[in-house]
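Participant: Show me how the following folds:
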Amino acid sequence: WIKEGAVYAGHWAYQAPVRPELPEVSDHAWIRSSLDRFVLARLQAARLRPAPPTGRRTLIRRVCLDLTGLPPSPSAVERFVNDTSPGAYERLIDSLLASERYGERMTLAWMDAARYGDSSVFHDDGVRFMWPWRDWVIRALNDNMPFDRFALEQLAGDLLPDATIAQRVATGFNRNHSIQSEGGVINEEYRVETVVDRVETTTAVFLGLTFGCARCHDHKYDPISQREFYEFYALFNNVPETAHVGNADKLADKPFVKVPSAAQRKQMEWHRAEIAELEKKPEAEQQLKAARKALAALGQAAPTSMVMGELSPARKTFVLSRGQYDQPSDVEVSAGLPAALGQWPAGAPRNRLGLAKWIGGAENPLTARVVVNRFWQMHFGTGIVKSSEDFGAQGEWPTHPALLDWLANEFVRSGWNRKAMHKL
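Facilitator: This is a model prediction of the structure:
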């Protein structure tokens, strides 16, 4: 069929989304937003009619569960049912998006994608603290941080100029991996597994691709060679870490930062103020020593949270024969992207910061589609692409390709505004 003149454009997911024209429909009274045009056009093409509007009691319950994960209170239901003024539904949506429960609800799905856990998983499943990263996500979502920035700080917050503690904590996204603390294990084996875990998680969450298939050989279905896998792997192979932390360490695997809890921060502020006053009194030397000791003890007691970091000089990366940690080939690679996904951003550093800029950039055909598809899946149970973690050749094709591309374009146009997308 190609010889007969058919045009081969490659797999749909690797082509940049093109903003489609809004479909023509006959029932304009049913339309409340541009999105409705796509839904109605598909219904009319199938000679179907839209379902009648749901009752207001059901409506408030659905939207509260969608946006906050909690049912509405009886009094909230009665207020909404009795509020027949124009804009009542929009005001309800705005109040839910402004609720702190909104960030908690949205964080649940992100925690699952990021394989969050406050235990080490392997061996004795010991305690570790990653809740500071969880709390960072909740704050970022409640503040409606643009998604491109949300991605950048989690992938490379530590590489930003004058990175704050919060930006370093954000990189815990890629430190949610399992930790091996069993005696007798081989450190390099598990360090390699940790780096592979980062590649697989980052590509599944932000790109909707199954990169892990190319660890041992060229991907059987998608245009990702084994060499390109290790070029991407090189981006995460430079963390100053050890995968085997030993049974004595029950808290964290380096690198990590100290992150005091809210109660500890309040106590520390009190002690600092106390110290400032005591320093003015020469006769209070013993009290000053005690206050400084108490402040230091609080700092030592603060929980640790694992973060990303960079080695200098950088660790060399080689293609591993059949993916084996102890079988590096002679092929040395540097950080890069698979050719099928586009070009590295001009002027961007060849590290995680450059990757994060590409993920939020115009050259990336995947991330906006992947994210809006997850929104659709959250609200309706199934994504426009049913295989939300696999947009590759073995994944499902979109049921509504034009709608998916329109949503992806709308997301970028909005400034990667999550709350605006939920409100469409």
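
Participant: make it CA atoms for all contacts and neighbour counts henceforth
Facilitator: OK.

Participant: what ranges do the helices span in the stretch 51-200 of the chain?
Facilitator: Counting by DSSP state H, counting those that start in this stretch, the segments of the stretch 51-200 of the chain that form helices are 56-68, 74-82, 88-97, 100-113, 131-142, 147-156, 165-170, 187-207.

Participant: neighbours around M378, how many?
Facilitator: Residues lying near M378 (other C-alpha atoms under 10 Å) number 15.

Participant: what helix or strand does it sit in?
Facilitator: helix 367-380 (DSSP states H and E).

Participant: how far is that helix from where the chain is centred?
Facilitator: Chain-centre distance of helix 367-380: 12 Å, with C-alpha atoms, centre = their mean, to the nearest Å.

Participant: which strands and helices sit next to it?
Facilitator: Counting contacts by 3 or more C-alpha pairs under 8 Å, 6 or more residues apart in numbering; DSSP states H and E, helix 367-380 is packed against helix 187-207, helix 401-413.

Participant: Just give the number of residues close to Y116.
Facilitator: Neighbour count of Y116, defined by other C-alpha under 10 Å: 21.

Participant: quick one, what contacts it?
Facilitator: Contact analysis of Y116 by C-alpha atoms under 8 Å, 6 or more residues apart in numbering lists 130, 176-177.

Participant: on that earlier part again, taking the mean pLDDT, what do you get for the helix holding M378?
Facilitator: Averaging pLDDT along helix 367-380 gives 96.

Participant: for stretch 197-211, same thing?
Facilitator: So the average pLDDT for stretch 197-211 ends up being 95.

Participant: Show me how far that stretch is from its chain's centre.
Facilitator: Distance, centroid of stretch 197-211 to centroid of chain: 11 Å (C-alpha atoms, centre = their mean).

Participant: Give me the contact list for that stretch.
Facilitator: Counting by C-alpha under 8 Å, 6+ apart, residues outside stretch 197-211 touching it are 113-114, 174, 177, 212, 219, 224, 229, 232-233, 236, 359, 366-367, 370-371, 388-392.

Participant: rerun that using 7 Å as the cut-off
Facilitator: Contact with stretch 197-211 is made by 113-114, 174, 212, 229, 233, 236, 366-367, 370, 388-392, as judged by C-alpha atoms under 7 Å, 6 or more residues apart in numbering.

Participant: what's the answer for stretch 377-385, then?
Facilitator: 66, 373-374, 376, 396-400, 404.

Participant: low-confidence ranges in the chain?
Facilitator: For the chain, the stretches with pLDDT under 70 are 1, 123-125, 244-252.

Participant: quick one on the thing from earlier: mean neighbour count for the helices and strands packed on helix 367-380 - can I get that in CSV?
Facilitator: Compiled in CSV, the helices and strands packed on helix 367-380 are given as follows (neighbours: other C-alpha atoms under 10 Å):
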stretch, mean neighbour count
helix 187-207, 20
helix 401-413, 20
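
Participant: mind checking which of those is nearest S85?
Facilitator: When those are compared by C-alpha to C-alpha, helix 401-413 sits nearest S85, at 29.0 Å.

Participant: Show me what the closest one is packed against.
Facilitator: Helix 401-413 sits against helix 367-380, with contacts defined as 3 or more C-alpha pairs under 7 Å, 6 or more residues apart in numbering; DSSP states H and E.

Participant: Do a quick rundown of the helices in the stretch 251-400 of the chain.
Facilitator: 262-278, 285-301, 352-359, 367-380.

Participant: Using PDB, write down the CA coordinates of the third one.
Facilitator: Which is helix 352-359. Extracted in PDB, the C-alpha atoms of helix 352-359 (Å, rounded to 0.1, in the frame of the first residue of the first chain):
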ATOM      1  CA  ARG A 352      18.600  16.100  34.100                       C
ATOM      2  CA  LEU A 353      18.000  19.900  33.900                       C
ATOM      3  CA  GLY A 354      18.200  19.800  30.100                       C
ATOM      4  CA  LEU A 355      15.900  16.700  30.100                       C
ATOM      5  CA  ALA A 356      13.400  18.500  32.300                       C
ATOM      6  CA  LYS A 357      13.400  21.500  29.900                       C
ATOM      7  CA  TRP A 358      12.800  19.200  26.900                       C
ATOM      8  CA  ILE A 359       9.900  17.500  28.700                       C
END
